[in-house]
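Novice: Have a look at this fold, sequence not included:
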């Protein structure tokens, strides 16, 4: 039967729509003209200038520090959460637990930002790096928990039972059998948490207070104050980082899929 | 004799159950406690603190007041709430029109091509949200490439602005949320049994009728998810109108941010958030109600599938 070409044409246009703005931005970052309208020759001067912006690098350091800590804490909280949701799925407590884990995903960011800000102000906690970390963990836990839960649902638990039958304590079985086999899933979840933390602007902006600056907050103030070519250069660097991350995560999920397939 | 045999067994059963319960509580407690403290309590707090007076230093004062509620009845907020709904609705509709054919095409592509297409759809999903919004600001800019191309082709007057109005806000909203809409539709379209469409065609349905009456109901779950993942974040949109919109295209999110960062009136920001929460809850509850209705119909639907 002849298939309509229409969906494929739309897909092509959608992909052009997705990538054209990004492409223009990358090309412009090498344009010596201040405005993107006309090509005035290839230049790396915006990158050179970017390296002389200490504020950018300081915020990048903050972002990295926050993201690493957030990834670690949310991996611990999210994995225990996924294990509980998976193993005790029939209990009433877990049904409530699941709702609690799921709801932050459907709440618009700005609501989470304003409610956390009000809570921190009401509790008298000084806004800064600490409040940013607390806020980031709060939205990362849900993503980690649901990612790990997805992996657990494909997981063959008879292997853990076999280890227990062979005399391993439940702690040893968890540490030496469950954890290594779950590693690709944990890595994928960690990558998601890391990316979300590095990328978050809205919630961070609300809970950061005047002192603490992360990279997205710095980018935002650069956008507001019109440092266009510098943002082009910074964005290109971040895009290169993103593409690498996506490639790694695709590899991880591919190897994860391979592993779950091998026992069959 | 019989009794003595059973007793230790029953005792160990109780112990096993207790240990199981303990394990459950130990595993549940960390995330449960964290989310209760940093998600549930703050959300509840918004409803309470909206009835507190603002203090002049940007904090929350003592005592109780209805000042926030009175401020909310200002007609400007009604107009902005309406505009927020309208922008979110339009952006969602455009996203769906583009996401349905795309999700279908990706699901039906040959396996190798499908992985490439899927990857291309996922990459924007990982790309910094601010950067994607900014990319549009610079190409819609008066000195930007699109403006020049449009003026050159005579489609747009040289003085017309492509930025700072509602159209730009909708365009960029579609751009940022479209990948989120494609993925759930693709996931549903991949599982769909396309022999059903062939059967409908054999029975005389025109291609579009087969698509509308067989394919769309078949991927309903994906469509519902796609609508929610665009519509709900769009309602809370703040960065997009802030960067590419003008004063005439402010949404609820902008008003909340202004109350926080400009006049430092936290209780009023809280009151506006309550309006937003209600706007978010309405579509969610509607979907839940619809699914409950559909859930009752499941046994009948399920008969056909093996």
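Specialist: Looks like it arrived, so ask away. Quantities reported herein were computed from a predicted structural model and do not represent experimental measurements.
Novice: Stretch B:198-212 near chain A at all?
Specialist: Yes. Using Cβ under 8 Å from any Cβ of the partner chain, stretch B:198-212 comes into contact with chain A via B:198, B:201, B:207. (C-beta placed from N, C-alpha, C; glycine too.)
Novice: isn't the second one right next to residue B:210, touching?
Specialist: Yes. The pair residue B:201 and residue B:210 passes the contact test of Cβ atoms under 8 Å, sitting 5.4 Å apart.
Novice: Sticking with residue B:216, tell me its helix or strand.
Specialist: Here residue B:216, judged by DSSP states H and E, is contained in helix B:216-218.
Novice: what helices or strands is that helix leaning on?
Specialist: Applying 3 or more Cβ pairs under 8 Å, 6 or more residues apart in numbering or on different chains; DSSP states H and E, one finds that helix B:216-218 makes contact with no other helix or strand.
Novice: secondary structure element for residue 97?
Specialist: Unless you meant another one, I'm taking chain A. helix A:92-106.
Novice: ah, I was thinking of chain B
Specialist: Using DSSP H and E, residue B:97 falls in helix B:75-108.
Novice: Tell me where chain A is predicted with low confidence.
Specialist: For chain A, the stretches flagged by pLDDT under 70 are A:1-3, A:35-37, A:252-264.
Novice: Tell me how it divides into domains.
Specialist: Domain segmentation of chain A under automatic domain parsing yields A:1-43, A:45-261.
Novice: taking those domains together, which one is wrapped up most tightly?
Specialist: Neighbour counts (mean count of other Cβ atoms under 10 Å in any protein chain shown) averaged over each of the domains of chain A peak at domain A:45-261, with a mean of 18.
Novice: follow-up on the earlier one: between the domains of chain A, which one is nearest to residue B:188?
Specialist: domain A:1-43 (14.6 Å; Cβ to Cβ).
Novice: And the closest one, how far out from the chain middle?
Specialist: Centroid separation between domain A:1-43 and its chain, computed with Cα atoms, centre = their mean, to the nearest Å, is 25 Å.
Novice: Repeat that for stretch B:270-282.
Specialist: Worked out by Cα atoms, centre = their mean, stretch B:270-282 lies 14 Å from the chain centre.
Novice: Need phi/psi at the residue nearest to residue A:31 when sequence neighbours are not counted.
Specialist: Leaving out its chain neighbours, the residue that sits closest to residue A:31 by Cβ to Cβ, 6 or more residues apart in numbering or on different chains is residue A:39, at 5.8 Å. Per-residue torsions, residue A:39: phi -90, psi 120 (degrees, to the nearest 10).
Novice: re earlier: name the residues of the helix holding residue B:216 that come out as buried.
Specialist: residue B:218 (16 or more other Cβ atoms under 10 Å in any protein chain shown).
Novice: How much space separates residue A:94 from residue B:40?
Specialist: For residue A:94, the distance to residue B:40 (Cβ to Cβ, to the nearest Å) stands at 16 Å.
Novice: Now residue A:41. Nearest residue, chain neighbours left out?
Specialist: residue A:32 (4.9 Å).
Novice: Pretty sure that neighbour sits against residue A:43.
Specialist: Yes. Here residue A:32 reaches residue A:43: they are 3.6 Å apart, a contact under Cβ under 8 Å.
Novice: quick revisit: let me see the backbone angles for the residue nearest to residue A:41.
Specialist: The phi and psi values for residue A:32, taken as degrees, to the nearest 10, are phi -80, psi -10.
Novice: Need the residues that contact the helix or strand containing residue A:172.
Specialist: Per DSSP H and E: residue A:172 is located in helix A:170-173. Helix A:170-173 is contacted from outside by A:160, A:163, A:164, using Cβ atoms under 8 Å, 6 or more residues apart in numbering or on different chains.
Novice: re earlier: which ones among the residues of stretch B:198-212 next to chain A map onto helices?
Specialist: In helices, judged by DSSP state H, the following of the residues of stretch B:198-212 next to chain A are found: B:198, B:201, B:207.
Novice: coming back round to it: what about the residue nearest to residue A:41, distance to residue B:142?
Specialist: For residue A:32 relative to residue B:142 (Cβ to Cβ), the value is 20 Å.
Novice: Then residue B:255?
Specialist: From residue B:255 to residue B:142 the distance is 27 Å (Cβ to Cβ).
Novice: Settle it for me: which of these two has more neighbours?
Specialist: residue B:255 (22 against 15; other Cβ atoms under 10 Å in any protein chain shown).
Novice: separation between that one and residue A:135?
Specialist: 21 Å.
Novice: How about the stretch 101-250 of chain B: which residue is closest to chain A?
Specialist: residue B:236 (2.4 Å; Cβ to the nearest Cβ).
Novice: hang on, the earlier thing: which helices and strands sit right next to the next helix or strand after the helix holding residue B:97?
Specialist: As assigned by DSSP H and E, the chain's next helix or strand after helix B:75-108 is helix B:111-126. When contacts are defined as 3+ Cβ pairs under 8 Å, 6+ apart, helix B:111-126 sits against helix A:6-29, helix A:228-261, helix B:75-108, helix B:166-191.
Novice: Could you export the ones you listed as a markdown table, including distance to residue A:101?
Specialist: As requested, the helices and strands packed on helix B:111-126 are exported to a markdown table (distance: least, Cβ to Cβ, whole Å):
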| stretch | distance to residue A:101 |
| --- | --- |
| helix A:6-29 | 30 |
| helix A:228-261 | 21 |
| helix B:75-108 | 25 |
| helix B:166-191 | 19 |
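Novice: nearest to residue B:251, of these?
Specialist: Proximity to residue B:251 (Cβ to Cβ) singles out helix B:75-108 among the helices and strands packed on helix B:111-126, at 4.4 Å.
Novice: which of the residues in that closest one are buried?
Specialist: B:77, B:80-81, B:83-85, B:87-88, B:90-92, B:94-96, B:98-108.
Novice: near chain A at all, it?
Specialist: Yes. Contact of helix B:75-108 with chain A (Cβ under 8 Å from any Cβ) involves B:98, B:101, B:102, B:104, B:105, B:106, B:108.
Novice: got CSV for the residues you listed, with pLDDT too?
Specialist: Shown next, in CSV, are the residues of helix B:75-108 next to chain A (pLDDT from 0 to 100):
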residue, pLDDT
B:98, 97
B:101, 95
B:102, 96
B:104, 94
B:105, 94
B:106, 94
B:108, 91
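Novice: how far is stretch B:162-176 from where the chain is centred?
Specialist: For stretch B:162-176, the distance to the chain centre is 17 Å (Cα atoms, centre = their mean).
Novice: Name the nearest residue to the residue in chain A that chain B sits nearest to, ignoring sequence neighbours.
Specialist: Of all residues in chain A, residue A:108 sits closest to chain B, with a separation of 2.4 Å (Cβ to the nearest Cβ). Nearest non-adjacent residue to residue A:108, counting by Cβ to Cβ, 6+ apart: residue B:236, 2.4 Å away.
Novice: Show me where the stretch 1-150 of chain B dips below the pLDDT cut-off.
Specialist: Those would be B:1-10, if you go by pLDDT under 70 across the stretch 1-150 of chain B.
Novice: Next one: the residue nearest to residue B:259 when sequence neighbours are not counted, what pLDDT does it get?
Specialist: Leaving aside its sequence neighbours, residue B:259 sits nearest to residue B:269 (Cβ to Cβ, 6+ apart; 3.8 Å). According to the prediction, residue B:269 has pLDDT 92.
Novice: Rank the ones in helices among the residues of stretch B:198-212 next to chain A by pLDDT and give me only the lowest.
Specialist: Among those, residue B:207 has the lowest pLDDT, at 86.
Novice: For that residue, which residues are in contact?
Specialist: A:4, B:201.
Novice: I appreciate the help and will end here.
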